[in-house]
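[1] My questions are about this predicted structure, shown below with the sequence.
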Amino acid sequence: SPPPRSGGASGARATLPVPIEYEAVVGQGVRCVADGVRVLLGNREWATSQGVPLGAAVDHCMAGLEGEGKTAVLCCLDGAVHAIVAVSDTTKPEAAAALRALRELGLRVGMITGDNARTANALARELGIEPALVHAELLPKHKALAVAALQDEGHRVAFVGDGINDAPALARADVGLAIGSGTEVALEAADIVLVRSSLADVLGAVLLSRATISRIRLNFGWAMAYNLVGIPLAAGVFYPAFMIRLPPMFAGLAMALSSVSVVCSSLLLRTVETTIRRVRATIDDDGGPIRRASGAGLRGALARAAPLKGVAASKALPCESTLHMLRRVGG
(Lines give C-alpha, C1' and ligand atoms only; values in the text may rest on other atoms or scores of the structure.)
Protein backbone atom coordinates (compact mmCIF):
# COMPACT_ATOMS: atom_id res chain seq x y z
CA SER A 1 0.00 0.00 0.00
CA PRO A 2 1.26 3.57 -0.66
CA PRO A 3 3.28 4.85 2.32
CA PRO A 4 1.37 7.48 4.33
CA ARG A 5 4.52 9.56 4.68
CA SER A 6 4.38 10.37 0.97
CA GLY A 7 1.57 12.74 1.86
CA GLY A 8 4.07 14.96 3.66
CA ALA A 9 6.13 15.55 0.53
CA SER A 10 2.98 16.11 -1.49
CA GLY A 11 1.64 18.58 1.06
CA ALA A 12 4.90 20.53 1.04
CA ARG A 13 4.39 21.13 -2.68
CA ALA A 14 7.97 20.17 -3.36
CA THR A 15 9.08 20.05 -6.97
CA LEU A 16 9.76 16.40 -7.63
CA PRO A 17 11.02 14.76 -10.81
CA VAL A 18 8.57 12.56 -12.68
CA PRO A 19 9.65 8.92 -12.23
CA ILE A 20 9.68 6.47 -15.10
CA GLU A 21 10.03 2.69 -15.12
CA TYR A 22 8.41 2.64 -11.70
CA GLU A 23 8.12 -0.78 -10.07
CA ALA A 24 6.90 -1.79 -6.63
CA VAL A 25 8.09 -5.21 -5.46
CA VAL A 26 5.84 -6.66 -2.77
CA GLY A 27 7.62 -7.01 0.55
CA GLN A 28 10.87 -5.62 -0.85
CA GLY A 29 10.63 -1.97 -1.93
CA VAL A 30 10.29 0.28 -4.97
CA ARG A 31 12.54 1.38 -7.80
CA CYS A 32 12.38 3.81 -10.68
CA VAL A 33 14.42 6.16 -12.85
CA ALA A 34 14.22 9.88 -12.04
CA ASP A 35 16.19 12.53 -13.95
CA GLY A 36 18.32 9.77 -15.40
CA VAL A 37 19.24 8.40 -11.97
CA ARG A 38 18.35 4.84 -10.97
CA VAL A 39 16.59 5.08 -7.61
CA LEU A 40 16.00 2.11 -5.33
CA LEU A 41 14.33 2.19 -1.91
CA GLY A 42 13.98 -1.06 -0.05
CA ASN A 43 15.25 -3.49 2.52
CA ARG A 44 18.71 -4.92 2.96
CA GLU A 45 18.09 -8.25 1.22
CA TRP A 46 16.57 -6.69 -1.88
CA ALA A 47 19.29 -4.06 -2.21
CA THR A 48 21.95 -6.76 -1.96
CA SER A 49 20.19 -8.89 -4.57
CA GLN A 50 20.23 -5.89 -6.92
CA GLY A 51 24.00 -5.61 -6.63
CA VAL A 52 24.17 -2.70 -4.18
CA PRO A 53 27.32 -3.05 -2.00
CA LEU A 54 26.77 -2.57 1.74
CA GLY A 55 29.81 -1.62 3.76
CA ALA A 56 30.48 -2.16 7.45
CA ALA A 57 29.29 1.36 8.30
CA VAL A 58 25.91 0.76 6.64
CA ASP A 59 25.49 -2.60 8.39
CA HIS A 60 26.35 -1.07 11.76
CA CYS A 61 23.91 1.81 11.29
CA MET A 62 21.08 -0.47 10.18
CA ALA A 63 21.69 -2.89 13.05
CA GLY A 64 21.45 -0.04 15.55
CA LEU A 65 18.18 1.25 14.11
CA GLU A 66 16.66 -2.22 13.90
CA GLY A 67 17.66 -2.94 17.49
CA GLU A 68 15.56 0.08 18.50
CA GLY A 69 12.52 -1.43 16.80
CA LYS A 70 12.75 0.75 13.69
CA THR A 71 12.63 -0.35 10.07
CA ALA A 72 15.74 0.72 8.17
CA VAL A 73 15.10 1.52 4.50
CA LEU A 74 18.02 1.95 2.13
CA CYS A 75 17.93 4.81 -0.37
CA CYS A 76 20.24 3.90 -3.25
CA LEU A 77 21.16 6.05 -6.24
CA ASP A 78 22.86 4.46 -9.24
CA GLY A 79 23.78 1.36 -7.24
CA ALA A 80 25.24 3.10 -4.18
CA VAL A 81 23.75 3.74 -0.74
CA HIS A 82 23.16 7.47 -0.21
CA ALA A 83 20.87 7.45 2.83
CA ILE A 84 19.23 5.24 5.41
CA VAL A 85 15.68 6.14 6.38
CA ALA A 86 14.33 4.83 9.69
CA VAL A 87 10.56 4.39 10.01
CA SER A 88 8.53 2.86 12.79
CA ASP A 89 4.92 2.34 13.81
CA THR A 90 3.65 3.68 17.10
CA THR A 91 2.53 0.82 19.29
CA LYS A 92 -1.15 1.13 20.09
CA PRO A 93 -1.61 2.26 23.72
CA GLU A 94 -3.84 -0.69 24.51
CA ALA A 95 -1.64 -3.30 22.79
CA ALA A 96 0.25 -4.60 25.84
CA ALA A 97 -2.87 -4.88 28.01
CA ALA A 98 -4.88 -6.53 25.21
CA LEU A 99 -2.21 -9.13 24.50
CA ARG A 100 -1.80 -9.84 28.19
CA ALA A 101 -5.57 -10.38 28.51
CA LEU A 102 -5.54 -12.81 25.59
CA ARG A 103 -2.77 -14.80 27.25
CA GLU A 104 -4.77 -14.88 30.49
CA LEU A 105 -7.61 -16.47 28.52
CA GLY A 106 -5.28 -19.32 27.60
CA LEU A 107 -4.33 -18.15 24.10
CA ARG A 108 -0.81 -18.11 22.72
CA VAL A 109 0.02 -14.77 21.13
CA GLY A 110 2.62 -14.50 18.39
CA MET A 111 3.73 -12.16 15.64
CA ILE A 112 3.91 -12.65 11.88
CA THR A 113 5.50 -9.76 10.01
CA GLY A 114 7.39 -8.93 6.87
CA ASP A 115 9.82 -6.74 8.79
CA ASN A 116 13.35 -7.76 9.69
CA ALA A 117 14.05 -10.00 12.66
CA ARG A 118 15.76 -7.34 14.80
CA THR A 119 12.82 -4.96 14.56
CA ALA A 120 10.30 -7.72 15.15
CA ASN A 121 12.14 -9.06 18.19
CA ALA A 122 12.49 -5.57 19.67
CA LEU A 123 8.74 -5.02 19.38
CA ALA A 124 8.05 -8.52 20.71
CA ARG A 125 10.10 -7.79 23.83
CA GLU A 126 8.15 -4.57 24.32
CA LEU A 127 4.82 -6.40 24.09
CA GLY A 128 5.81 -9.53 26.01
CA ILE A 129 5.63 -11.92 23.04
CA GLU A 130 7.72 -15.08 23.24
CA PRO A 131 10.70 -15.04 20.82
CA ALA A 132 9.75 -18.53 19.62
CA LEU A 133 6.41 -17.17 18.39
CA VAL A 134 7.93 -14.38 16.30
CA HIS A 135 8.00 -15.01 12.53
CA ALA A 136 9.80 -12.20 10.70
CA GLU A 137 10.99 -11.30 7.20
CA LEU A 138 8.05 -13.04 5.53
CA LEU A 139 6.54 -12.18 2.18
CA PRO A 140 2.72 -12.21 1.90
CA LYS A 141 2.60 -15.79 0.60
CA HIS A 142 4.98 -16.90 3.33
CA LYS A 143 2.70 -15.39 5.98
CA ALA A 144 -0.09 -17.62 4.70
CA LEU A 145 2.29 -20.60 4.76
CA ALA A 146 3.22 -19.81 8.37
CA VAL A 147 -0.46 -19.85 9.30
CA ALA A 148 -0.93 -23.14 7.43
CA ALA A 149 2.03 -24.67 9.27
CA LEU A 150 0.44 -23.82 12.61
CA GLN A 151 -2.83 -25.36 11.46
CA ASP A 152 -1.02 -28.52 10.41
CA GLU A 153 0.29 -28.78 13.99
CA GLY A 154 -3.30 -28.93 15.22
CA HIS A 155 -3.73 -25.30 16.24
CA ARG A 156 -6.70 -23.11 15.49
CA VAL A 157 -5.32 -19.81 14.27
CA ALA A 158 -6.82 -16.34 14.34
CA PHE A 159 -4.90 -13.69 12.41
CA VAL A 160 -5.21 -9.93 12.84
CA GLY A 161 -3.98 -7.69 10.02
CA ASP A 162 -4.64 -4.47 8.19
CA GLY A 163 -2.62 -4.34 4.98
CA ILE A 164 -2.52 -5.76 1.48
CA ASN A 165 0.36 -8.00 2.53
CA ASP A 166 -1.85 -9.54 5.22
CA ALA A 167 -4.70 -10.59 2.91
CA PRO A 168 -3.39 -14.11 2.10
CA ALA A 169 -2.88 -14.91 5.80
CA LEU A 170 -6.27 -13.42 6.73
CA ALA A 171 -7.94 -15.68 4.18
CA ARG A 172 -5.94 -18.75 5.25
CA ALA A 173 -6.53 -18.44 9.00
CA ASP A 174 -9.43 -20.15 10.75
CA VAL A 175 -10.59 -16.67 11.75
CA GLY A 176 -9.34 -13.52 10.05
CA LEU A 177 -9.78 -10.20 11.86
CA ALA A 178 -9.11 -6.98 9.97
CA ILE A 179 -8.44 -3.61 11.56
CA GLY A 180 -11.19 -1.23 10.44
CA SER A 181 -8.71 1.40 9.28
CA GLY A 182 -6.90 -1.12 7.07
CA THR A 183 -6.91 -1.55 3.31
CA GLU A 184 -9.96 -2.65 1.36
CA VAL A 185 -8.28 -5.90 0.32
CA ALA A 186 -7.67 -6.84 3.96
CA LEU A 187 -11.24 -5.99 4.91
CA GLU A 188 -12.59 -8.23 2.14
CA ALA A 189 -10.33 -11.15 3.07
CA ALA A 190 -11.22 -11.08 6.78
CA ASP A 191 -14.09 -12.81 8.55
CA ILE A 192 -14.44 -10.09 11.19
CA VAL A 193 -13.81 -6.34 10.89
CA LEU A 194 -12.84 -4.43 14.04
CA VAL A 195 -14.55 -1.14 13.24
CA ARG A 196 -13.01 0.67 16.24
CA SER A 197 -9.51 -0.29 15.07
CA SER A 198 -8.72 -1.28 18.65
CA LEU A 199 -6.97 -4.46 19.74
CA ALA A 200 -9.29 -4.53 22.75
CA ASP A 201 -12.02 -5.58 20.33
CA VAL A 202 -10.08 -8.77 19.56
CA LEU A 203 -10.62 -9.76 23.18
CA GLY A 204 -14.28 -8.80 22.84
CA ALA A 205 -14.63 -11.04 19.79
CA VAL A 206 -13.10 -13.97 21.69
CA LEU A 207 -15.38 -13.48 24.70
CA LEU A 208 -18.47 -13.15 22.51
CA SER A 209 -17.64 -16.22 20.41
CA ARG A 210 -17.00 -18.32 23.52
CA ALA A 211 -20.24 -17.18 25.14
CA THR A 212 -22.14 -17.95 21.92
CA ILE A 213 -20.76 -21.49 21.71
CA SER A 214 -21.59 -22.03 25.38
CA ARG A 215 -25.16 -20.77 24.89
CA ILE A 216 -25.69 -22.95 21.80
CA ARG A 217 -24.66 -26.05 23.71
CA LEU A 218 -26.84 -25.10 26.66
CA ASN A 219 -29.84 -24.59 24.36
CA PHE A 220 -29.29 -27.93 22.65
CA GLY A 221 -29.02 -29.70 25.99
CA TRP A 222 -32.13 -28.02 27.37
CA ALA A 223 -34.18 -28.73 24.22
CA MET A 224 -33.11 -32.37 24.19
CA ALA A 225 -34.00 -32.91 27.86
CA TYR A 226 -37.29 -31.04 27.42
CA ASN A 227 -38.34 -33.20 24.47
CA LEU A 228 -37.15 -36.45 26.04
CA VAL A 229 -39.60 -35.81 28.86
CA GLY A 230 -42.36 -33.91 27.05
CA ILE A 231 -42.91 -36.12 23.99
CA PRO A 232 -43.36 -39.42 25.89
CA LEU A 233 -45.59 -37.60 28.38
CA ALA A 234 -47.79 -36.19 25.61
CA ALA A 235 -47.92 -39.62 23.92
CA GLY A 236 -49.22 -41.25 27.12
CA VAL A 237 -46.21 -43.49 27.68
CA PHE A 238 -46.31 -42.91 31.45
CA TYR A 239 -50.09 -43.30 31.82
CA PRO A 240 -50.32 -47.12 32.24
CA ALA A 241 -47.70 -47.21 35.01
CA PHE A 242 -48.12 -43.86 36.75
CA MET A 243 -51.53 -42.59 35.58
CA ILE A 244 -49.81 -39.44 34.33
CA ARG A 245 -51.00 -37.87 31.08
CA LEU A 246 -50.76 -34.55 29.28
CA PRO A 247 -53.91 -33.31 27.49
CA PRO A 248 -53.37 -32.27 23.83
CA MET A 249 -54.16 -28.63 24.64
CA PHE A 250 -51.39 -28.47 27.25
CA ALA A 251 -49.04 -30.44 25.02
CA GLY A 252 -49.37 -27.77 22.32
CA LEU A 253 -48.75 -25.05 24.90
CA ALA A 254 -45.69 -26.90 26.20
CA MET A 255 -44.27 -27.12 22.67
CA ALA A 256 -44.68 -23.37 22.20
CA LEU A 257 -43.08 -22.69 25.57
CA SER A 258 -40.08 -24.81 24.61
CA SER A 259 -39.35 -22.48 21.69
CA VAL A 260 -39.88 -19.40 23.87
CA SER A 261 -37.47 -20.72 26.49
CA VAL A 262 -34.72 -21.27 23.91
CA VAL A 263 -35.23 -17.78 22.46
CA CYS A 264 -35.13 -16.19 25.93
CA SER A 265 -31.96 -18.14 26.71
CA SER A 266 -30.34 -16.81 23.54
CA LEU A 267 -31.33 -13.25 24.43
CA LEU A 268 -29.23 -13.58 27.57
CA LEU A 269 -26.20 -13.19 25.30
CA ARG A 270 -26.85 -9.47 25.59
CA THR A 271 -25.37 -9.66 29.07
CA VAL A 272 -22.01 -10.46 27.49
CA GLU A 273 -21.93 -6.90 26.14
CA THR A 274 -21.61 -5.60 29.70
CA THR A 275 -18.64 -7.87 30.34
CA ILE A 276 -16.98 -6.84 27.08
CA ARG A 277 -17.44 -3.15 27.87
CA ARG A 278 -15.95 -3.62 31.33
CA VAL A 279 -12.93 -5.49 30.00
CA ARG A 280 -12.49 -2.98 27.17
CA ALA A 281 -12.58 -0.07 29.61
CA THR A 282 -10.01 -1.79 31.82
CA ILE A 283 -7.72 -2.38 28.85
CA ASP A 284 -8.02 1.26 27.80
CA ASP A 285 -7.20 2.34 31.37
CA ASP A 286 -4.17 0.05 31.40
CA GLY A 287 -2.94 1.62 28.16
CA GLY A 288 -0.23 4.22 27.88
CA PRO A 289 3.40 3.38 28.64
CA ILE A 290 3.72 -0.36 28.77
CA ARG A 291 5.91 -0.32 31.85
CA ARG A 292 3.04 1.24 33.84
CA ALA A 293 0.49 -1.43 32.95
CA SER A 294 0.29 -3.50 36.13
CA GLY A 295 -2.57 -5.67 34.90
CA ALA A 296 -4.28 -5.83 38.31
CA GLY A 297 -7.42 -4.15 37.06
CA LEU A 298 -7.45 -6.31 33.96
CA ARG A 299 -7.23 -9.52 35.94
CA GLY A 300 -10.15 -8.37 38.05
CA ALA A 301 -12.27 -7.68 34.98
CA LEU A 302 -11.42 -11.06 33.49
CA ALA A 303 -12.18 -12.77 36.79
CA ARG A 304 -15.67 -11.28 36.67
CA ALA A 305 -15.97 -12.89 33.23
CA ALA A 306 -15.07 -16.30 34.71
CA PRO A 307 -18.17 -18.13 33.39
CA LEU A 308 -17.18 -17.22 29.85
CA LYS A 309 -13.57 -18.12 30.43
CA GLY A 310 -14.28 -21.52 31.96
CA VAL A 311 -16.49 -22.75 29.13
CA ALA A 312 -14.38 -21.45 26.29
CA ALA A 313 -10.97 -22.60 27.40
CA SER A 314 -11.96 -26.25 27.45
CA LYS A 315 -14.65 -26.52 24.80
CA ALA A 316 -14.97 -23.58 22.44
CA LEU A 317 -11.29 -23.74 21.51
CA PRO A 318 -10.07 -27.31 22.09
CA CYS A 319 -6.39 -28.24 21.74
CA GLU A 320 -3.61 -25.79 22.44
CA SER A 321 -5.18 -22.68 20.99
CA THR A 322 -2.99 -20.28 19.08
CA LEU A 323 -3.89 -16.69 18.36
CA HIS A 324 -1.39 -15.06 16.07
CA MET A 325 -1.68 -11.32 16.29
CA LEU A 326 -0.09 -9.23 13.60
CA ARG A 327 1.41 -5.92 14.63
CA ARG A 328 2.45 -4.55 11.28
CA VAL A 329 5.81 -2.81 11.35
CA GLY A 330 6.34 -1.73 7.81
CA GLY A 331 5.41 -5.06 6.23
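    Cool, the structure landed.

[2] all contacts plus neighbour counts: C-alpha atoms, from now on.
    Noted.

[3] Tell me how many other residues crowd residue 238.
    14 (other Cα atoms under 10 Å).

[4] Report the secondary structure element holding the nearest residue to it once chain neighbours are set aside.
    Nearest residue to residue 238 in three dimensions, chain neighbours excluded: residue 244, at 5.7 Å (Cα to Cα, 6 or more residues apart in numbering). Under DSSP states H and E, no helix or strand contains residue 244.

[5] Equivalent analysis for residue 228, please.
    helix 200-234.

[6] ok, residues contacting the helix or strand just after that helix?
    Later in the chain than helix 200-234, the nearest helix or strand by DSSP H and E is helix 239-242. By Cα atoms under 8 Å, 6 or more residues apart in numbering, the residues outside helix 239-242 that reach it are residue 245.

[7] Let me see the mean pLDDT of the following helix or strand past helix 239-242.
    Counting by DSSP H and E, the next helix or strand C-terminal to helix 239-242 is helix 248-267. For helix 248-267, mean pLDDT is 86.

[8] And stretch 68-78, by the same measure?
    The average pLDDT for stretch 68-78 rounds to 87.

[9] what's the answer for stretch 90-100, then?
    Taken as a whole, stretch 90-100 has a mean pLDDT of 83.

[10] What of stretch 155-174?
    Here the average pLDDT along stretch 155-174 is 91.

[11] Just the terminal-to-terminal distance for that stretch.
    Distance across stretch 155-174, first residue to last, is 9 Å (Cα to Cα, to the nearest Å).

[12] cool, and stretch 46-62?
    From its first residue to its last, stretch 46-62 covers 14 Å (Cα to Cα).

[13] mean confidence for it?
    On average, stretch 46-62 scores 89.

[14] do the same with stretch 127-140
    90.

[15] 8 is where my numbering starts, stick with that
    New numbering, starting at 8: the last item is stretch 134-147.

[16] Not counting its own residues, what contacts it?
    33-34, 102-103, 106-107, 116-124, 127-128, 131-132, 153, 172-176, 297.

[17] Quick check on those: which are buried?
    Buried by 16 or more other Cα atoms under 10 Å: 34, 102-103, 106-107, 116-124, 127-128, 131, 153, 172-176, 297, out of these.

[18] any idea how the protein splits into domains?
    As assigned by automatic domain parsing, the chain contains the domains 13-94, 98-338.

[19] my guess is residue 205 is in a helix, correct?
    No - judged by DSSP: H, G, I helix; E, B strand; the rest coil, residue 205 forms no part of a helix; its state is coil.

[20] Now do it against residue 76, distance only.
    21 Å.

[21] neighbour count winner among those two?
    Under the criterion of other Cα under 10 Å, the comparison of residue 205 against residue 76 puts residue 76 first, with 25 against 19.

[22] Which secondary structure state is assigned to the more buried one?
    Applying three-state DSSP: residue 76 is coil.

[23] what residues are up against it?
    95, 125-130.

[24] now these: which count as buried?
    95, 125-130.

[25] Among these, which are located in helices?
    125-130 (DSSP state H).

[26] from the residues you listed, which single one is nearest residue 62?
    residue 125 (18.8 Å; Cα to Cα).

[27] need the contact list for that closest one.
    By Cα under 8 Å, 6+ apart, the neighbours of residue 125 are 70, 73-74, 76.

[28] about what we covered before: confidence score at the residue nearest to residue 245?
    So, for residue 251, pLDDT stands at 82.

[29] That one and residue 241 touch, don't they?
    No - at 9.5 Å, residue 251 and residue 241 do not qualify as touching, with contact defined as Cα atoms under 8 Å.

[30] Neighbour count for the two, which is higher?
    When neighbours are counted by other Cα under 10 Å, residue 241 comes out ahead of the other of residue 251 and residue 241, with 21 against 12.

[31] thinking that one is in contact with residue 256, fair?
    No - applying Cα under 8 Å as the test, residue 241 and residue 256 come out as separate, 9.9 Å apart.

[32] Could you look up the next helix or strand downstream of the helix or strand hosting residue 72?
    Following DSSP H and E, one finds residue 72 within helix 63-74. Scanning forward in sequence from helix 63-74 by DSSP H and E, the next helix or strand is strand 78-84.

[33] Roughly how far does the residue with the largest distance to the centre of the chain sit from residue 240?
    In the chain, the residue that sits farthest from the middle, by Cα atoms, centre = their mean, is residue 247; the gap is 60.5 Å. In this view, residue 247 and residue 240 are 11 Å apart by Cα to Cα.

[34] just to revisit the earlier point, now distance to residue 159 too, for the contacts of residue 125, in JSON lines please.
    Listed next are the contacts of residue 125 as JSON lines, based on distance: Cα to Cα, whole Å:
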{"residue": "70", "distance to residue 159": "34"}
{"residue": "73", "distance to residue 159": "32"}
{"residue": "74", "distance to residue 159": "32"}
{"residue": "76", "distance to residue 159": "31"}
